[in-house]
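# here are the coordinates; sequence isn't available:
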């Protein structure tokens, strides 16, 4: 069984000589991982005050207001669709590439070229489909209830790491293997996340900028966790070397 102290000490060791590379990759992962309004007027035909007749007259809505509202809705929907497409077709591949960087950095191969790993035509669509499938399943679980949604969030956390090792493993197999890997570890993973709260608070005190300097430590620790869970999965026969490598 892994411990928080073991994972964090391994993370610090891997960051000792590669921190700034890890910082750059962490910023990219954070960025992809997963802004005078009109008036409502009342007016009569002449626009001047004519006593109680005008007071009780029916208000007329300025048609420009309706056009502003429709335009705002169309623009908002367009922006949401564009951001989602950017997240899916650029963010997902970069996230997997970032996870691959940290996996290999933990094994003394800190090469920034790993960031572009997912954009090879033999891997790209498989990675996008698997990551999108994970998002859809997580969303559906959160629609059911918050707690089951959080549990599934931890169950599928290893998916980008698995894809970083085996991009063509298939979207269903990636989720299934991640769920098997994290079985019995979810609560400890939750506690591991909580253990970084102190670091995040220190980052907040440094005008929020300090949070970015914590991210390499967090990402390196997550990679160490994956390596332990991967080793356990191989030993338990949940997967084999040919499947993951």
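Sure thing, it's come through. Every value quoted in this text rests on a predicted model; they were computed, and no experiment measured them.
# helix or strand next in line after the lowest-mean-pLDDT helix or strand in the chain, which one?
One helix or strand of the chain scores below all others by mean pLDDT, DSSP states H and E: helix 52-55, with a mean of 47. Later in the chain than helix 52-55, the nearest helix or strand by DSSP states H and E is helix 63-86.
# can you give me the offset of that following helix from its chain's centre?
24 Å (C-alpha atoms, centre = their mean, to the nearest Å).
# what's the helix or strand just after that helix in contact with?
The first helix or strand that comes after helix 63-86 along the chain, using DSSP H and E, is helix 92-105. With C-beta atoms under 8 Å, 6 or more residues apart in numbering as the test, helix 92-105 has contacts from 14, 18, 21-22, 25-26, 28-29, 32-33, 110-112, 114-119, 124, 127-128, 131-132, 160-161, 163-165, 167, 219-220, 222-223, 226-227. For glycine as for every other residue, the C-beta is placed from the backbone atoms N, C-alpha and C.
# next secondary structure element downstream of helix 92-105?
helix 124-144.
# may I see the buried residues of the helix or strand just after that following helix?
Using DSSP H and E, the helix or strand that directly follows helix 124-144 along the chain is helix 146-155. Neighbour counts over helix 146-155 (16 or more other C-beta atoms under 10 Å) mark 151-155 as buried.
# pLDDT of whatever helix or strand comes next after helix 146-155, averaged?
Sequence-wise, the next helix or strand downstream of helix 146-155 (DSSP H and E) is helix 159-165. Averaged across helix 159-165, pLDDT comes to 98.
# rounded mean pLDDT for the longest helix belonging to the chain, please.
Ranked by residue count under DSSP state H, the longest helix found in the chain is helix 210-235. Averaging pLDDT along helix 210-235 gives 94.
# for it, the distance to its chain's centre please.
Distance, centroid of helix 210-235 to centroid of chain: 15 Å (C-alpha atoms, centre = their mean).
# so which elements touch the helix or strand just after it?
Next in sequence after helix 210-235, counting helices and strands by DSSP H and E, comes helix 241-244. For helix 241-244, the packing partners by 3 or more C-beta pairs under 8 Å, 6 or more residues apart in numbering; DSSP states H and E come out as helix 210-235.
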